[in-house]
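**Student:** Would you be able to build a 3D model of this:
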Amino acid sequence: MTSLSPDEPNAAPAADTRRARIIERANVNNVPLNTILVTIFVIVAVFFASKLLYRLRDLILLLVVGGFIALILNPIVVRLQKWGIKRRGYAVLIVAFVAAITFCLLAFAFGYPLVNGLTHLANNLPTYVNNAEHGQGWIGHLISKYHVNQWVSANSAKLVTFANGLSKPALALGKGAISMLISLITLFAFVILLLLEGPKIRNIILISLSPERARRAQEFGALISRAAIGYVVGNLILSVSAGVVVYVTLTLTHVPFALLFSLWVVLVDFLPQVGGALAGIPVVLFAFVQSTSAGVITLIVFVVYTLLQNHALYPIVMSRAIKLNPLLVFLSILIGAELGSWVGGSFGGLVGVILAIPMAAGIHVIVTQWWESSRPASQRTPQKSD
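**Tutor:** Prediction:
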C-alpha cells in the first residue's frame with residue numbers, strides 16, 4: 001500500500017501541532033470550527049466598535065457638523081478660485097478670515113448689551129436694595145404688601161445655605177463655557193482642514209473606483225451638494241424674513257434693541273420648526289418688560305408668523321429648494337430630532353434637527369438615482385443639464 005505524498009491535493013495535513021489536531025478533530029466531527037471562530041470574532045469586533053463609537057459620540061456629532069459646514073463653504077472657495085485666486089489655500093484662508101470676523105462681530109453684538117446691562121444693574125443695585133427696604137418703588141411696594149421682610153428674617157439660615165450652594169452651578173457653568181469654546185476651536189480647525197484636503201480625499205476615493213462608479217459618485221455628490229446648498233439658502237430666506245418682521249414690529253412698538261433682537265431671530269430661526277418659538281420667547285418677554293401693549297403685539301405677531309412659516313412658507317420653500325415632498329420634510333425633522341437626542345442628548349437633538357433635511361435630501365437623491373438606474377434604458381427619464 002502506497003502512501004500519499006505531501007504534494008498531492010488529497011493528502012491530509014500532518015497533525016503535528018495542537019492547532020492542527022483541533023482542526024482535524026473538528027473536521028472529523030463535522031464541526032464548522034472556522035465559521036464559529038469568525039462569527040465570534042465579528043460579534044466581539046462589532047461590540048467593541050459600537051462601544052467606541054458611543055464613547056466618541058460627541059466628537060462624531062461635532063465632526064458631522066463640521067462636514068456639513070465645509071460642504072456649504074466649499075462652493076464659496078471654488079467661486080473665489082474662479083474669480084482669480086488660483087491657490088485653494090489662499091481662498092480657504094479668505095473664507096476662514098471672513099467667518100472668524102463675522103463670529104467676533106456677532107459675539108460683540110450680543111455680548112456688549114449683556115455686559116452693559118449687567119454693569120448697569122451692579123451699579124444701581126444698592127439703590128434698588130435701599131428703596132426696597134424702605135418700601136419705595138414697585139419692588140418695595142411688593143415687599144411691603146406680601147411681608148417679604150418677615151419671611152426673609154425667618155428663613156435667613158436657609159437662604160445663606162442656598163447662596164453658598166450657588167457656587168457649584170456657577171463653577172459648572174464656567175467649565176461648560178470653556179468646554180464650548182474648545183469645541184468651537186476644534187470645529188473651526190476641522191472645517192479649515194476639510195476645506196484644504198477635501199479635493200485630495202475626493203480624488204483618492206474616485207481613483208479607487210471604476211470609471212463608471214466614479215462618474216456616478218460624482219453625480220451623486222453634485223446632487224447632494226446642490227440639495228444642501230438649496231436647504232441653506234431656503235432656510236436663510238425664511239430666517240431673514242422672520243428677522244425683518246420682528247424688526248418692524250419692535251420698531252413700531254418702540255422696543256429698544258430692535259436690530260439686535262431681529263439678528264437673534266435670524267440666527268435662531270435657522271432651526272427648522274422649533275427655531276421660531278425659541279427665538280420668540282426672550283423677545284416677547286423683553287417686550288413685556290417695556291410695556292404690556294408692546295408685549296401683546298409682539299406675542300401676536302410671533303404666533304401668527306410662526307404658524308404661517310411652519311405650515312405654509314417652510315414646506316413650500318423647502319420643497320422647491322431641495323425638491324422634497326413637504327410631508328417628508330416634516331417627518332425627517334421629527335426622526336432627526338429623535339435619533340439625535342437618543343445618540344447625543346440635547347446637543348445631538350439640535351444637530352439632528354439641523355441636519356435632518358439635508359440628510360433626507362441626500363437619501364432621496366441616492367434612492368431616486370438608484371431606482372432610475374434600475375429601469376431599462378428605454379424607460380429612463382433624461383437628466384436635465386444645468
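
**Student:** Break the protein into its domains for me.
**Tutor:** The record's domain split for the chain, according to automatic domain parsing, is 56-208, 210-374.

**Student:** Most tightly packed of the ones you listed?
**Tutor:** Per-stretch averages of neighbours, counted by mean count of other CB atoms under 10 Å, single out domain 210-374 among the domains of the chain, with a mean of 17. Quick note: C-beta positions are derived from backbone N, CA and C, even for glycine.

**Student:** elements contacting the helix or strand containing residue 203?
**Tutor:** Under the criterion of DSSP states H and E, residue 203 resides in helix 167-207. With contacts defined as 3 or more CB pairs under 8 Å, 6 or more residues apart in numbering; DSSP states H and E, helix 167-207 has these neighbours: helix 57-82, helix 88-133, helix 211-252.

**Student:** Dump these into JSON lines; add mean pLDDT and distance to residue 328 as well.
**Tutor:** JSON lines is the format used below for the helices and strands packed on helix 167-207 (pLDDT from 0 to 100; distance: least, CB to CB, whole Å):
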{"stretch": "helix 57-82", "mean pLDDT": "83", "distance to residue 328": "19"}
{"stretch": "helix 88-133", "mean pLDDT": "73", "distance to residue 328": "31"}
{"stretch": "helix 211-252", "mean pLDDT": "83", "distance to residue 328": "12"}
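
**Student:** Turn those into CSV, including distance to residue 290.
**Tutor:** Output for the helices and strands packed on helix 167-207, formatted as CSV (distance: least, CB to CB, whole Å):
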stretch, distance to residue 290
helix 57-82, 36
helix 88-133, 14
helix 211-252, 9
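
**Student:** any low-confidence regions in this structure?
**Tutor:** In the predicted model, the chain carries pLDDT under 70 at residues 1-16, 110-118, 120-177, 272-274, 344, 346-347, 375-386.

**Student:** 90 instead, please
**Tutor:** For the chain, the stretches with pLDDT under 90 are 1-39, 50-92, 95-243, 245-247, 250-251, 253-299, 301-386.

**Student:** List of residues touching stretch 85-103?
**Tutor:** Stretch 85-103 is touched from outside by 73, 76, 77, 78, 80, 81, 188, 191, 192, 195, 196, 199, with contacts defined as CB atoms under 8 Å, 6 or more residues apart in numbering.

**Student:** For the residues you listed, which two are the farthest from each other?
**Tutor:** Pairwise distances among those were taken by CB to CB; the largest, 21.2 Å, belongs to 81 and 188.

**Student:** Where do the helices of the stretch 251-386 of the chain begin and end?
**Tutor:** Assigned by DSSP state H, counting those that start in this stretch, the helices in the stretch 251-386 of the chain fall at 258-268, 275-290, 292-308, 314-322, 326-373.
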